[in-house]
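Chemist: whatever this is, show me its structure:
(2 chains)
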Amino acid sequence: MDTLSLNRGEVRNLVFVDEPDLDLHCMQEEDSVLRLFVFDFHSADNILHIDHKAPGCVTEIYHLAFLHGEDRVNLHTRMHHEIGEGISRQTVKFVLDDKSKGEFLGELVIKPDAQHVDAQQTNRNLILSKTATMRTRPQLEIYADDVKASHGATTGQLDDSALFYMQQRCIAPEQARKMLLRAFMEDVIAQLPDEQQREQLMVTIDRIIEQGQ
Amino acid sequence: MTSLLEIHNLHASIAGKEILKGIDLTIHAGEVHAIMGPNGAGKSTLSAVLTGNEQYEVTDGTVMLNGKDLLAMPAEQRAREGVFLSFQYPVEIPGVSMVNFMRTAVNEKRKYEGKEPLSSTEFLKMMREKRKMLNMADKLNNRSVNEGFSGGEKKKNEILQMAMLQPCLSILDETDSGLDIDALRIVAEGVNRLKTPQNASIVITHYQRLLDYIVPDFVHVLADGRIVKTGDKNLALELEKNGYAEFE
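Modeler: As a prediction, this is how the structure comes out:
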């Protein structure tokens, strides 16, 4: 396990691409900002544990897994608001093809003293084959009474009505499918602050869309 | 005069239920045909079948577009041959910008016609010109397709796409639904401006209101999967007054 402390007021962006077994424990002090980006294109087992130790902390977690073959990604987030006035945002997306498997366990804990916390967890998954599977378990434990906490999870296939709409605009289904997939994933990548990293990841994604893994 | 579209004895069903029960309709270039009828008559089914929506099964009949067998073509090929549908409910495509979407569409059509693709600059110039012609602002260019658009913006956006793709046959499916009178006027003026002696339109509507602005050459009443009456624009006024009771 890697432990990391963010000092008062510190702003940190961390990006992990295809890190197979990430086990990160991060403690945030007052007014610190952590933006965590995790991209998985192969099997991985990831644990991201974040503690807000002081008021005013902000955490953003972005995770994207795009899997083929028999790859499997587990993502376990443990977002612990120990103290109030903190903000957390989790955006988790899985795109699963072939016989790949995804599992997301999203633990969100708001302790009794952590009033005025604003926490969101969003999990959206695309299943591209009949043999791919996704398992989602949001686990919210909220012990404070004056907080905002929301979560949403959807798992589905590419939108048939969007595919037909694009076909009616001269775009063949195979290309329409690629455009929709790309858009679904670009949405996460667009959050990266570094332009070069964004471009590199889009190149990777385009290559995988074209060729598979 | 050769016909642009020739529908003969068209039967179609969805989930085993027959909706279209023998449609015959001939459309020539330069004409506007209105199709009116009560809810459930098969109006939207007709547009879905003509554009190749695979949810519907054609069980009998033929449809020829400029002498080619339309029903043998996949949906995207029908579009490239010049069949355009202005959707009753335009679909939102999150993450795909209008510019990227439309440029792909226009260049796919050009490729099919054996033309060179438009460069980014040429494309944007074309989009600007079409927007200007239709009196539509370009603030929506960089937004995702239809995402967060108001009802009126979505319908105007359909007409913009029609202008960009220059179809030979436009099908406007309930384009007036959900529009206030100002948006309706902009949409209708757009359609009129795009009219040429070489193209034709099918205007599907439940109400006569839209036909005050887009004046049809023919009005057909569709009821229970068949065209039961055909007339000129005055038929629409009669229907407005008397309703569809006599056809139900």
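
Chemist: spit out the contact partners of whichever residue of chain B sits closest to chain A.
Modeler: At 2.8 Å from chain A, B:G95 is the closest residue in chain B, using C-beta to the nearest C-beta. Using the backbone N, CA and C atoms, a C-beta is placed for each residue, glycine as well. B:G95 makes contact with A:L180, A:R182, A:A183, A:F184, A:E186, A:D187, B:S144, according to C-beta atoms under 8 Å, 6 or more residues apart in numbering or on different chains.

Chemist: please redo it, this time with the cut-off set to 10 Å
Modeler: A:179-187, A:190, B:144-145, B:147 (C-beta atoms under 10 Å, 6 or more residues apart in numbering or on different chains).

Chemist: can you show me the helices along chain A?
Modeler: Here chain A has its helices, by DSSP state H, at A:160-167, A:173-189, A:195-211.

Chemist: can you tell if the shortest one touches chain B?
Modeler: Yes. Interface with chain B: helix A:160-167 contributes A:D160, A:S161, A:A162, A:L163, A:F164, A:Y165, A:M166, A:Q167 (C-beta under 10 Å from any C-beta of the partner chain).

Chemist: tally up the residues packed near the last one, please.
Modeler: The reference is to A:Q167. 23 (other C-beta atoms under 10 Å in any protein chain shown).

Chemist: separation between it and B:V32?
Modeler: Distance, A:Q167 to B:V32, using C-beta to C-beta, to the nearest Å: 25 Å.

Chemist: okay, now the unreliable bits of chain B?
Modeler: B:1, B:138, B:248 (pLDDT under 70).

Chemist: contacting residues for the residue in chain A that chain B sits nearest to?
Modeler: Of all residues in chain A, A:A183 sits closest to chain B, at 2.8 Å by C-beta to the nearest C-beta. Neighbouring residues of A:A183 by C-beta under 10 Å, 6+ apart: A:A162, B:I93, B:P94, B:G95, B:V96, B:S97, B:N100, B:F101, B:S144, B:V145.

Chemist: equivalent analysis for A:H63, please.
Modeler: Applying C-beta under 10 Å, 6+ apart, we find A:H63 in contact with A:16, A:36-40, A:46, A:48, A:73, A:75, A:77, A:90-94, A:104, A:106, A:123, A:188.

Chemist: again, only using 6 Å
Modeler: A:H63 sits next to A:V38, A:L75, A:V92 when contact means C-beta atoms under 6 Å, 6 or more residues apart in numbering or on different chains.

Chemist: can you tell me the SS state at the residue of chain B most remote from its centre?
Modeler: Here the centre of chain B is the reference, and by C-alpha atoms, centre = their mean the most remote residue is B:T121, at 28.4 Å. At B:T121, secondary structure determined by DSSP: H, G, I helix; E, B strand; the rest coil is helix.

Chemist: among the contacts of B:G95, who's most crowded?
Modeler: That'd be B:V145 among the contacts of B:G95, by other C-beta under 10 Å, with 27 neighbours.

Chemist: quick one: residues contacting the residue most central in space within chain B.
Modeler: Central residue of chain B (C-alpha atoms, centre = their mean): B:I171, 1.8 Å from the mean position. Shown in contact with B:I171 (C-beta under 6 Å, 6+ apart): B:S47, B:L85, B:I202.

Chemist: also within reach of chain A: list those from the residues you listed.
Modeler: B:L85 (C-beta under 6 Å from any C-beta of the partner chain).

Chemist: turn the contacts of B:I171 into JSON lines, including neighbour count and secondary structure.
Modeler: Shown next, in JSON lines, are these (neighbours: other C-beta atoms under 10 Å in any protein chain shown; DSSP: H, G, I helix; E, B strand; the rest coil):
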{"residue": "B:S47", "neighbour count": "22", "secondary structure": "helix"}
{"residue": "B:L85", "neighbour count": "30", "secondary structure": "strand"}
{"residue": "B:I202", "neighbour count": "26", "secondary structure": "strand"}
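
Chemist: export the contacts of B:I171 to TSV and append columns for distance to B:K132.
Modeler: Listed next are the contacts of B:I171 as TSV, based on distance: C-beta to C-beta, whole Å:
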residue	distance to B:K132
B:S47	29
B:L85	24
B:I202	27
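
Chemist: which one among the contacts of B:I171 gets closest to B:S3?
Modeler: B:I202 (13.3 Å; C-beta to C-beta).

Chemist: what bridges to the closest one?
Modeler: B:H33, B:I171 (DSSP bridges).

Chemist: mind listing the strands for the chain?
Modeler: Because you didn't say which chain, this covers chain A. Taking DSSP state E to define them, one finds strands in chain A at A:2-6, A:11-17, A:23-28, A:33-40, A:44-52, A:58-67, A:72-81, A:87-96, A:101-110, A:118-127, A:133-142, A:148-156.

Chemist: that answer is for a different chain, and I need it for chain B
Modeler: B:5-14, B:17-27, B:32-36, B:57-65, B:68-69, B:83-86, B:93-97, B:144-145, B:169-173, B:200-205, B:218-223, B:226-231.

Chemist: deepest of these, which one?
Modeler: Of all the strands of chain B, strand B:83-86 carries the top mean neighbour count, a mean of 27, counting by mean count of other C-beta atoms under 10 Å in any protein chain shown.

Chemist: partners of it, with directions?
Modeler: According to DSSP bridges, strand B:83-86 has these partners: strand B:169-173 (parallel).

Chemist: next one: the partner strand to chain centre, how far?
Modeler: 2 Å (C-alpha atoms, centre = their mean, to the nearest Å).

Chemist: among the strands of chain B, which is nearest A:K148?
Modeler: Here strand B:93-97 is closest among the strands of chain B (C-beta to C-beta), at 24.0 Å.

Chemist: for A:D113, grab the count of nearby residues.
Modeler: So A:D113, with other C-beta under 10 Å, has 11 neighbours.

Chemist: show the model's pLDDT score for it.
Modeler: Looking at A:D113, its pLDDT is 89.

Chemist: separation between it and A:D194?
Modeler: Distance from A:D113 to A:D194, by C-beta to C-beta: 36 Å.

Chemist: which residue packs closest to B:L211, ignoring adjacent ones?
Modeler: B:A236 (4.9 Å; C-beta to C-beta, 6 or more residues apart in numbering or on different chains).

Chemist: test my guess that that neighbour contacts B:V219.
Modeler: Yes. With contacts counted by C-beta atoms under 6 Å, B:A236 reaches B:V219, the gap being 4.9 Å.

Chemist: what's around the nearest residue to A:D40 once chain neighbours are set aside, how many residues?
Modeler: Using C-beta to C-beta, 6+ apart and skipping residues adjacent in sequence, the residue nearest A:D40 is A:A65, 4.2 Å away. By the criterion of other C-beta under 10 Å, A:A65 has 29 neighbours.

Chemist: same question for A:L22.
Modeler: A:L22: 17 neighbours (other C-beta under 10 Å).

Chemist: how about A:D45?
Modeler: If we define neighbours as other C-beta under 10 Å, then A:D45 has 15 of them.

Chemist: for it, what are its contacts?
Modeler: Counted by C-beta under 6 Å, 6+ apart, A:D45 has contacts A:D21, A:N74.

Chemist: and it, what's its pLDDT?
Modeler: Per the predicted model, pLDDT is 96 at A:D45.

Chemist: since that was my last question, I'll sign off now.
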